[in-house]
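Q: Kindly generate the corresponding structure for this input.
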Amino acid sequence: MARRLFLAAAFVLAGFALPASAADPAVVPAAEVRAGDLVVLGRDAVVEGALEGTLVAVAGNVRVAGRVGKDVIALGGSVVLEPGAGIGGDLLAVGGTVTAPPGASRAVGGRVLTVGELEAAFAAELQTSPLATKPASGLLLAFRLVLLLAWLAAGLLLLRLVPRAVTGTAGLIPGGLATVAALGAAAVLSALLASAFLLIVLPATAGLVLTGLLLAFLAAAKTFGLAAVFVALGRRLTRNAKRGSPLFGDPAALALGLALLGLLSLVPVAGPFVWSVASLLGIGAALVSASRRDALRTAF
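A: Residues are numbered from 1 along each chain as shown. Sure thing, here's the model as predicted:
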């Protein structure tokens, strides 16, 4: 199982920039018996016949109506088991759910693991737009505003406690947007793969504890990094502000940067993308800043 996860990791890290597409699903037809493994990126996978190896789907859903000889791993998708489906090994869904008819648990020879709740902790603010999939409701918009106020409070607290760290990290962002965002994306993907690996190879309690620590680390990096992103964006908006005016200073820059990104996050379709990029920038910037501080401490 661990070898299959490393196989999936190699494919993800090689093509993590590929968006999920609406391409036709990869299908193992009902009359076919396919040898080896099947790895699918950015589209759904359907097994109606027989697959002798492991099925790995990244950023796509899985539907099994036939037989998979080894494991089924869905990273960023859900798994549907239909009547008569069979899986010889483990079933793992990271970031999705497992749907099966009554009594279908006997169809899985190994363990059934769903970590949708843990993945939700990764993505709690990574893709947030209450207008993206449904008409806005007052309650949903109010909840979003409460979240934005929480981000404002956290950012101002960080500026109060560690002002040099936040402002120094904000200065790193404008000169390396692509590099910082790529580092953040790699960190999130690595964390998702690591959490799946830990949950499989370790006992359940130990795996959950270590995954929780990993989530806490990413949450801390994102909170710190987004504060720096808000400041960097706000500085661009207030670069002509005069000393003594209400818009002068990093607290005002943080508030304005957050307000702009918060408004953009409410826009359908574009909102989740903008907030996702900001989140990845924040995580990447936090990691770059931490590595530079470590390098300085080592040097001196």
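Q: alpha carbons only for contacts and neighbour counts from here, please
A: OK.
Q: any idea which helix is longest in the chain?
A: Longest among the helix segments of the chain by residue count, using DSSP state H, is helix 204-237.
Q: What is the neighbour count of the residue nearest to residue 100 when sequence neighbours are not counted?
A: Using CA to CA, 6 or more residues apart in numbering and skipping residues adjacent in sequence, the residue nearest residue 100 is residue 81, 4.7 Å away. Neighbourhood size, residue 81 [other CA atoms under 10 Å]: 22.
Q: With the one 10 residues further on instead?
A: Residue crowding around residue 91 was assessed by other CA under 10 Å; the count is 21.
Q: what separates the residue nearest to residue 100 from residue 97, distance-wise?
A: 11 Å (CA to CA, to the nearest Å).
Q: repeat for residue 170
A: Residue 170 sits 37 Å away from residue 97, going by CA to CA.
Q: More neighbours: these two, which one.
A: Higher neighbour count among residue 170 and residue 97: residue 170, with 24 against 20, using other CA under 10 Å.
Q: I figured that one hits residue 232, correct?
A: Yes: judged on CA atoms under 8 Å, residue 170 makes contact with residue 232 at a distance of 4.9 Å.
Q: Helices of the chain, start to end?
A: Counting by DSSP H, the chain has helices at residues 2-14, 116-122, 138-161, 163-172, 177-201, 204-237, 250-264, 270-299.
Q: Any chance of these in JSON lines with mean pLDDT and distance to residue 32 as columns?
A: Output for the helices of the chain, formatted as JSON lines (pLDDT from 0 to 100; distance: least, CA to CA, whole Å):
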{"stretch": "helix 2-14", "mean pLDDT": "42", "distance to residue 32": "22"}
{"stretch": "helix 116-122", "mean pLDDT": "47", "distance to residue 32": "31"}
{"stretch": "helix 138-161", "mean pLDDT": "80", "distance to residue 32": "47"}
{"stretch": "helix 163-172", "mean pLDDT": "89", "distance to residue 32": "54"}
{"stretch": "helix 177-201", "mean pLDDT": "81", "distance to residue 32": "30"}
{"stretch": "helix 204-237", "mean pLDDT": "86", "distance to residue 32": "36"}
{"stretch": "helix 250-264", "mean pLDDT": "89", "distance to residue 32": "48"}
{"stretch": "helix 270-299", "mean pLDDT": "76", "distance to residue 32": "39"}
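Q: who wins for proximity to residue 68 among those?
A: helix 2-14 (13.9 Å; CA to CA).
Q: which of the residues in stretch 166-180 are buried?
A: Neighbour-count burial for stretch 166-180, with 16 or more other CA atoms under 10 Å as criterion, is recorded at 166, 167, 169, 170, 171, 172, 173, 180.
Q: Same question for stretch 259-273.
A: For stretch 259-273, the neighbour count (16+ other CA under 10 Å) marks 259, 261, 262, 264, 265, 266, 267, 268, 271, 272, 273 as buried.
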